[in-house]
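1. all I have is the shape, not the residue letters:
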Ligand SMILES: [Zn+2]
Ligand SMILES: [Zn+2]
Ligand SMILES: [Zn+2]
């Protein structure tokens, strides 16, 4: 017996076999299909793209004095040195801490579920909940780039264009969001349950 | 053969409420629910308004009492949709430097990205701040408007599913913080004049918070099972 992930209707489902929910017509599975391998694939892709996301420029500023390229980190440093400490902290949290936390937390969850660990299912579920909650906030810098690029188009003084880093960074955000969507937190409890029944 | 204790009550709700569909379903019995995070099966007593039920094993929120009645909620969704359109129709901010002025709407920002061949980012911003929020609000309004007659139709089921699927992908509140960060960033280099859309977005952020408090599960409870729908 399991609940339909769309409408919540509790119904009997044969493990490994997909059925159609009689209420919402969604596919009902005991567990999300290929949860671990799909999450791993998306997560590894996110790790790979995380490197260009941090090395390539997010914004390219062209002025009469020359061209300046800003990565995520140099943007944070700029806020810090110009005295906007609040903003430096906000942007650092959203663009650097949150993506890293998501990558590491998902890796930890996938590893422990892969090892069939029965330890601390509550705290691992809580960790997964936090990942789901904060994931969207790493889009912050992408929105800032979109607005700055649209506003600073003063031909005689300065124009700002979005750099290739934005695509890589946006892809990291989408991939980590998808990875946490594909992950089935019920797997954490499956092994905890088996362990308890052994006792 | 799927079995479920909610089966009978859902069908009963569907039959009894031809006239008074907008009333809360008569939950006089406990229903069986499976936690979506740990799959623990548990019985759920009827919840009072704004009451929240947590999973006995993992603590996840498994059900919420009705925070909204469908009729006032439909009016609220329509108001939110209007605020959304205002927020998108007017410039968010204007920037003045040495006599020249630039301004942008949200769609203008998306178009600039597209113009600079940042197609993926343009699409991502378009989806998370314009397309998905608007689609959700429009579908939600449609669903609530046709609740009385069409809750047993395929259209209703598909709309509800679509609403739930796009919910995690709309990011107006993140965008709003992005606007504030942009304002501070540009503060030192230019004169910034807030536009109508800036206030509309601030209002919209709070209103979408209110929309998010509506639990689609209360509409699902009205949908009859497939074998009795036709
Ligand atoms: Zn089960
Ligand atoms: Zn269902
Ligand atoms: Zn649970």
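-> Nice, thanks for sending it over. All values derive from a computational prediction rather than experimental measurement. Numbers count the residues shown, from 1 in each chain, chains lettered A, B, ... in the order given. Ligands and ions are numbered 1, 2, ... in the order given.

2. rest of the way, CA atoms for contacts and neighbours
-> Noted.

3. so what pLDDT did residue 29 get?
-> Answering for chain A, as no chain was given. pLDDT recorded at residue A:29 is 83.

4. to clarify, I was referring to chain B.
-> 66.

5. how about the secondary structure of the most centrally placed residue in chain A?
-> Compute the mean C-alpha point of chain A, and by C-alpha atoms, centre = their mean the closest residue is residue A:176, 3.0 Å away. Counting by DSSP: H, G, I helix; E, B strand; the rest coil, the backbone at residue A:176 sits in helix.

6. next, the contact list for it, please.
-> Shown in contact with residue A:176 (C-alpha atoms under 8 Å, 6 or more residues apart in numbering or on different chains): A:42-43, A:46, A:99, A:102-103, A:135.

7. which one of those residues is nearest to residue B:76?
-> The closest of those to residue B:76 turns out to be residue A:135 (C-alpha to C-alpha; 27.7 Å).

8. leaving out the residues flanking it, which one is nearest to the closest one?
-> Spatial nearest neighbour of residue A:135, excluding adjacent residues (C-alpha to C-alpha, 6 or more residues apart in numbering or on different chains): residue A:177 at 6.2 Å.

9. that neighbour and residue A:133 touch, don't they?
-> No - in this structure residue A:177 lies outside contact range of residue A:133 using C-alpha atoms under 8 Å: 10.2 Å.

10. ok, residue 31 - how many residues close by?
-> Answering for chain A, as no chain was given. Residue A:31 is flanked by 19 other residues according to other C-alpha atoms under 10 Å in any protein chain shown.

11. nope, chain B
-> By other C-alpha under 10 Å, 18 other residues sit near residue B:31.

12. cool, residue A:184 as well?
-> 22.

13. pLDDT at it, what is it?
-> 90.

14. got it, and residue B:35?
-> Listed pLDDT for residue B:35 reads 90.

15. do residue A:4 as well
-> So residue A:4 comes in at 88 (pLDDT).

16. please report how far it lies from residue A:25.
-> Relative to residue A:25, residue A:4 is positioned 10 Å away (C-alpha to C-alpha, to the nearest Å).

17. and the two? which has more neighbours close in?
-> Legend: neighbour count by other C-alpha under 10 Å for residue A:4 and residue A:25, higher for residue A:4 (26 against 18).

18. list the contacts of the residue nearest to residue A:135.
-> Residues in contact with residue A:177 (C-alpha under 8 Å, 6+ apart) are A:132, A:135-136.

19. check contacts around residue B:158.
-> By C-alpha under 8 Å, 6+ apart, the contact list for residue B:158 reads residue A:24.

20. same question for residue B:89.
-> Residue B:89 makes contact with B:105, B:197, according to C-alpha under 8 Å, 6+ apart.

21. rerun at 10 Å
-> For residue B:89, the contact set (C-alpha atoms under 10 Å, 6 or more residues apart in numbering or on different chains) comprises B:83, B:105-107, B:196-197.

22. all strands of chain A, in order?
-> Taking DSSP state E as the test, the strands found in chain A are A:2-3, A:10-11, A:19-20, A:27-28, A:59-63, A:66-70, A:153-154, A:158-162.

23. now for the fourth one, which elements pack on it?
-> Using 3 or more C-alpha pairs under 10 Å, 6 or more residues apart in numbering or on different chains; DSSP states H and E, the elements in contact with strand A:27-28 are strand A:19-20.
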